[in-house]
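>>> Need coordinates for the following:
(one chain, ligands or ions: 1)
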Amino acid sequence: MDLQRSLEYSELMIEKVRGKRNILIVAHDNPDPDALAAAYALSHLFLVKTGETAVIACGGVVGRRENRTMVEKLEIDVVPIEEVDVNHFDVVCMVDSQPGTGNSALPDCCRVDIIIDHHPLRTTPCDRQLIDVRDGYGACTTILYEYMLAQEVYLGTRLATAMFYAIRSETQDLGREWSPPDRKAYQQLLSLSNNRILFEIAHAKVPREYFLNVNQALESARIFHDVLVFNLYEVEHPDIVAEMADSLLRMDGVSVVLGMGCCNKEGVLSLRTDREDLFAGQLIRQMVEGLGSAGGHGMIAGGQIRPMSGNHAVQKELENTLVKRLLKALDYEPVRGRRLLGGSPTM
Ligand SMILES: [Mn+2]
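Here you go, the predicted model:
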C-alpha cells in the first residue's frame, strides 16, 4: 500500500471539493462493481470530510443481475448521465476510467477535475487536474480503500460490502491481476462485510434471456488455435458479453477469448486471456483500429464499435475481420474455426 501517496492525493481532492455545492462522480458506461464501489466510496469520502453530497452518474445500464442486486441491496444511488446537466457541476470526477478512451458517455469536451483509475494512463494531464492512476492495482476500489485508511474514515457495513464485492469480482477473488494492496484491502474489507448480502449478490436470480445468451455463446463458439470466438449478436445489455467471455476462458486448451455482441447500435467486444505474455488492452486496440475504441488491462479488455449495423450478415463480416486481425496480431496462421460444440470444422 502507498498510504503516503493516498494521504496526499485524498487531501488535495477533499480540498478541491470543499465548499463546492455541485459535485459529479462519473463511472464508466455499463458500470461494473469496481466502478460502482469506487464512485460510492469517493462520494462517501467527500460527504464525511466536507459535508457535500455528490451525484454519481454513468451512461448505459447496470446490466448484470449481480450488479443490480449490489446497487439495490447496498443502496448505491446512480443516475443516468443523460439526466444530468454536466455543465452544472463545479467539480467533475471520473473513477475506473479516463476521459477520451471511449467508455464514458461524458462528453469529451467536458472538463474533468479529478481522475482516479487503475488502467494504463492514456489521458493527457492538463492544468490543475488531479490524477491518481495506478495501473499496478487490480481494482480501482483498492485506491479508494487506501484513501479511507489514510483519512481515517469509518467504513459502514454497506460501503465495506460494496468495496469487498468490487475487489472480489474485479480480481476474481485475487486470482487475476491482483496486487499486494488489493489483497490487503480484500482481507480487511471481508471482516467488515455482510456475508448474507454478499451471497444474495453473487447468487442473484437471472431471467430466461440469460440462458438464451449462454446457449448462443456456446452455439456460436469457434476455436482457432488457442483462441475462442463467440458472437451473441443482439444483447439486452453489454455486460453479458464479458461474462460469457470469462466463462469460456475455462475451456481446455483455450487461452484467448474474443466475445462479441451488439447493443443499441453499438458493437460490444470483450477480450480475455490467461497468457501472461499478452497484453489484452493493446491487442484489442490493434484489432479495432479504424472501427471503434477500446482499452483494458493485461488480461481483460473491452471495446466498442460505433455505429454498428443491426444486420446479422454485417455483424458476421465484422467478426471475420476481427478474427483475422486477432490471429495476425498473435502471429498465428489463418485457419478455419472449429465449432466448440460438434466435431467437424465449419465456417
Ligand atoms: Mn476496474
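
>>> how many neighbours does His225 have?
As a burial measure, His225 scores 16 neighbours (other CB atoms under 10 Å). Placement of C-beta: from N, CA and C, glycine included.

>>> how about Cys58, phi and psi?
Note on Cys58: its backbone torsions stand at phi -160, psi 160 [degrees, to the nearest 10].

>>> What helix or strand is Leu42 located in?
If you go by DSSP states H and E, Leu42 is part of helix 33-50.

>>> Buried residues, that helix. List them.
By neighbour count with 16 or more other CB atoms under 10 Å, helix 33-50 contains the buried residues 33-46, 49-50.

>>> same check, this time on stretch 46-65
Neighbour counts over stretch 46-65 (16+ other CB under 10 Å) mark 46, 49-50, 52, 54-65 as buried.

>>> Kindly tell me how buried the closest residue to the ion within the stretch 101-250 of the chain is, as a neighbour count.
Per CB to the ion, Cys140 is where the stretch 101-250 of the chain lies closest to the ion, at 4.6 Å. Neighbours of Cys140 under the rule other CB under 10 Å: 31.

>>> Equivalent analysis for Tyr154, please.
Neighbour count for Tyr154, taken as other CB under 10 Å: 10.

>>> Confirm it sits in a helix?
No: looking at Tyr154 with DSSP: H, G, I helix; E, B strand; the rest coil, it is coil, so not inside a helix.

>>> residues in contact with the closest residue to Lys20 other than its chain neighbours?
Excluding the flanking residues, the one nearest Lys20 by CB to CB, 6 or more residues apart in numbering is Asp90, at 4.0 Å. Contacts for Asp90 were tallied using CB atoms under 8 Å, 6 or more residues apart in numbering; they are Lys20, Arg21, Asn22, Ile23.

>>> Restricted to strands, list those.
Ile23 (DSSP state E).

>>> show me which of the contacts of Asp90 neighbour the ion.
Checked against the ion using CB under 5 Å from the ion, the contacts of Asp90 yield no neighbours at all.

>>> OK, now which residue of the chain is nearest to the ion?
Asp34 (3.5 Å).

>>> For Pro120, give me its contacts.
Counting by CB under 8 Å, 6+ apart, Pro120 makes contact with Val133, Asp135, Gly281, His297.

>>> Now Ile81. Nearest residue, chain neighbours left out?
Nearest to Ile81 is Ala57, by CB to CB, 6+ apart, at 4.4 Å.
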